[in-house]
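Engineer: Give the three-dimensional model of this entry:
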Amino acid sequence: MAKKIKKLHLVYFSPSGLSEKIVKKIASSIKDIPVETHDLLSVESRKKDYNFDSGDLVIFGTMTAGLILMQLDKIFACLNANDTPFIGVITYGNGYYGIALNEMLSRAEKQGFKVAALGAFIARHSISPELGDGRPDAEDEKIMLDFGKRAYEKVLSGDLNLHTMPKTNWSSAEAGNQIIAYREEHPDEPYMLPPSYKLKIISDACIKCKTCVRHCPVDAIDIENKKFDLDKCIGCFACVNRCPKHAIKSTSEEMNDIMIKFSGAFMSRLEPEIFIIN
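Structural biologist: Numbering: from 1, shown residues only. A predicted model of the protein is given here:
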């Protein structure tokens, strides 16, 4: 049975801004319906309730770490759906996305969404920018536009089911597979990085523009005293790659060592993966 969509909602949790960019590019392939955006980055934004019905279409995007390092129910808890068609998107830094799509599917269904399509897209890595450098690029954008067009046509046809389920995307790095295995065995528990992995310093290059503060999703930065609340910090490193003066750097020996090995393992170009019909 054909379906009519009254409004398109773009919902994203995007500390680095790349998930937001990808969601908006996908949405640009959908024409002639009103569009409303919902940015869930701030703590205050996630305290609101967002209600959707069966005449809405939601495109939701987040970075993979948003599904690994945070309890996703804290993001999805503010989204209330009533058989609302859902297109889900995750971004990852040319490495692996683990169970991110599986978890997005599960959480969305619990909130009343009908998941019609899922996609995993490559973006510049938050900690090691040489990974996925320049991504998404023109070729990625072609795939995004085709993905959005096909997913929307599927929704309009009345088909709101996935016919091919996403599988766990394993890593070629041992440390990555340890995290993925933990998340598979404990789907309701996030893998929280130890505080020592999140150590950072703010140098004298800081001009206190507060760009880092505005883009921290958990209010973990005290810019006046140049300190971080490592218990709140989720390790998204948006503060590092958003700083216009490059004044924030990781000082964690453990994290820096992991990222050196990570960078060596994932230099080959990966391509987006989509799940629509087959």
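Engineer: how about the strands in the protein?
Structural biologist: Here the chain has its strands, by DSSP state E, at 7-13, 35-39, 50-52, 56-63, 79-81, 84-92, 113-122, 200-202, 221-222, 227-228, 248-250, 273-275.
Engineer: Tell me where the longest helix sits in this protein.
Structural biologist: As assigned by DSSP state H, the longest helix anywhere in the chain is helix 138-156.
Engineer: helices and strands around that helix, which ones?
Structural biologist: Applying 3 or more CB pairs under 8 Å, 6 or more residues apart in numbering; DSSP states H and E, one finds that helix 138-156 contacts helix 18-27, strand 56-63, strand 84-92, strand 113-122. Where C-beta positions appear, they are placed from N, C-alpha and C, glycine not excepted.
Engineer: JSON lines for these, including mean neighbour count and distance to Asp188?
Structural biologist: Listed next are these as JSON lines, based on neighbours: other CB atoms under 10 Å; distance: least, CB to CB, whole Å:
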{"stretch": "helix 18-27", "mean neighbour count": "22", "distance to Asp188": "23"}
{"stretch": "strand 56-63", "mean neighbour count": "26", "distance to Asp188": "17"}
{"stretch": "strand 84-92", "mean neighbour count": "28", "distance to Asp188": "18"}
{"stretch": "strand 113-122", "mean neighbour count": "24", "distance to Asp188": "19"}
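Engineer: Specify which residues of the stretch 101-250 of the chain, grouped into ranges, have pLDDT under the cut-off.
Structural biologist: For the stretch 101-250 of the chain, applying pLDDT under 70 flags the ranges 190-191.
Engineer: re the thing from before, could you redo the strands of the chain as CSV and give each row distance to Arg150?
Structural biologist: Putting the strands of the chain into CSV (distance: least, CB to CB, whole Å) gives the following:
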stretch, distance to Arg150
strand 7-13, 15
strand 35-39, 19
strand 50-52, 22
strand 56-63, 13
strand 79-81, 22
strand 84-92, 10
strand 113-122, 8
strand 200-202, 41
strand 221-222, 40
strand 227-228, 42
strand 248-250, 39
strand 273-275, 8
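Engineer: I'd like to know which of those is closest to Met165.
Structural biologist: With CB to CB as the criterion, Met165 lies closest to strand 273-275 of the strands of the chain, at 7.4 Å.
Engineer: can you give me the mean pLDDT across the closest one?
Structural biologist: For strand 273-275, the mean per-residue pLDDT is 95.
Engineer: And for stretch 4-24?
Structural biologist: pLDDT averaged over stretch 4-24 gives 95.
Engineer: That stretch: end-to-end distance?
Structural biologist: Chord length of stretch 4-24, first to last residue, is 21 Å (CA to CA, to the nearest Å).
Engineer: now stretch 223-241
Structural biologist: Length of stretch 223-241, first residue to last, CA to CA: 16 Å.
Engineer: Outside of that stretch itself, list whatever touches it.
Structural biologist: For stretch 223-241, contacts defined as CB atoms under 8 Å, 6 or more residues apart in numbering pick out 15-16, 63, 65-66, 69-70, 124, 126-127, 129, 192-193, 195, 197-202, 206, 208, 210, 212-213, 215-222, 248-250, 255.
Engineer: at 7 Å what do you get?
Structural biologist: With CB atoms under 7 Å, 6 or more residues apart in numbering as the test, stretch 223-241 has contacts from 15-16, 63, 65, 69-70, 126-127, 129, 193, 195, 197-198, 200, 202, 206, 208, 210, 212-213, 215-221, 248-250.
Engineer: With that, I have no additional questions.
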